[in-house]
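Undergrad: only geometry, no sequence info:
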């Protein structure tokens, strides 16, 4: 455990001399303002606003020179949308994941992958998953999950600026239709452009914008890779955070799709709140300085695991 902490500290110190491309509060906020805007109307699958959001993410991926697996960054699929009990099924909605990667530099380890993901969709005008009595009202989804999508873009930018340090490859995925039943992550798993055995860790960010005064970051699944609990605890505390780390308790977001295929996972969030799945989940409630701290934590987690030969293997958990 002490050895893990020392290793983490040394690597983090060495990162301080890297590129000046930083994760910034202004960029985090700008991303969330766009994603959770009234024009994007809750980012519901199959809508024009949803397609605009995917285009925005793909444009940012291209700006960071992420490599697409196919001709473009979009991984298109059709989503079965949830309906209230007794309602007729809706037509399948056309939507997509956005996927790009950075190749590692080690001749062997570059064939191993760490995935960083976040779902970009939300509930649109509510629907059966809404907790609100207000029908046909925009559910902005600032924390759920514009915050995670903003984190994905900011962390990708910084890793891209320091890509020469990578040994392992890193894949970035903005998942569609998570709110409809983890459909984007399930589609990626079923149509993965790489062998699933080569995915060594999937880190999922779902609601990371409401860091509380105790600075708690909640982490599920840390026991699915060697010494993961101690690793995440020590690293978080070194950044003046107070991680609440669970070995199992994997949770219910997109990382579950990977866990079910015996892939190590980290599900990261800053906790539930009364605005969950309600129209009141708005930008003004985001703790932007707190989210930057969470982004730095996740960035350094990836860099520690992707720039070293840290042993990665799946460990089953309940």
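TA: On my side now, so go ahead. From a predicted model like this one, the values you see are computed outputs, not experimental measurements. Numbering: from 1, shown residues only.
Undergrad: for the stretch 51-200 of the chain, what spans make up the helices?
TA: Using DSSP state H, counting those that start in this stretch, the helices assigned to the stretch 51-200 of the chain run over residues 148-161, 183-190.
Undergrad: Now the shortest one: buried residues?
TA: Same thing as helix 183-190. Within helix 183-190, the residues scored as buried using 16 or more other CB atoms under 10 Å are 183-189. Bear in mind the C-beta positions are built from the backbone N, C-alpha and C, glycine included.
Undergrad: what about that helix, average pLDDT?
TA: The predicted model gives helix 183-190 an average pLDDT of 98.
Undergrad: Could you do the longest one as well?
TA: Helix 148-161 shows a mean pLDDT of 98 in the predicted model.
Undergrad: Stretch 166-175 too?
TA: Taken as a whole, stretch 166-175 carries a mean pLDDT of 99.
Undergrad: chain center to that stretch, what's the gap?
TA: Centre-to-centre, stretch 166-175 and its host chain are 11 Å apart (CA atoms, centre = their mean, to the nearest Å).
Undergrad: And stretch 171-191, by the same measure?
TA: 11 Å.
Undergrad: farthest residue from the center of this structure?
TA: Most distant residue from the mean C-alpha position of the chain: residue 86, 33.6 Å away (CA atoms, centre = their mean).
Undergrad: correct me, but residue 119 touches residue 179?
TA: Yes. Applying CB atoms under 8 Å as the test, residue 119 and residue 179 come out as touching, 7.3 Å apart.
Undergrad: For this structure, spot the helix or strand the model is least confident about on average.
TA: When each helix and strand of the chain is scored by mean pLDDT, DSSP states H and E, helix 2-15 comes last, with a mean of 42.
Undergrad: Check which element follows it along the chain.
TA: helix 25-35 (DSSP states H and E).
Undergrad: quick check: angle from that next one to helix 148-161?
TA: 130 degrees (axes from the mean of the first three to the mean of the last three CA atoms, to 10 degrees).
Undergrad: What lies in contact with helix 25-35?
TA: The contact list for helix 25-35, computed with CB atoms under 8 Å, 6 or more residues apart in numbering, reads 40, 43, 53, 56, 120, 141-142, 146-147, 149-151, 153-154, 157, 209, 283, 286, 288-289, 291-292, 295.
Undergrad: likewise stretch 217-228?
TA: 1, 4, 200-201, 208, 211, 229, 231-232, 236, 241-251, 255, 259, 264-271, 294, 297, 311-317.
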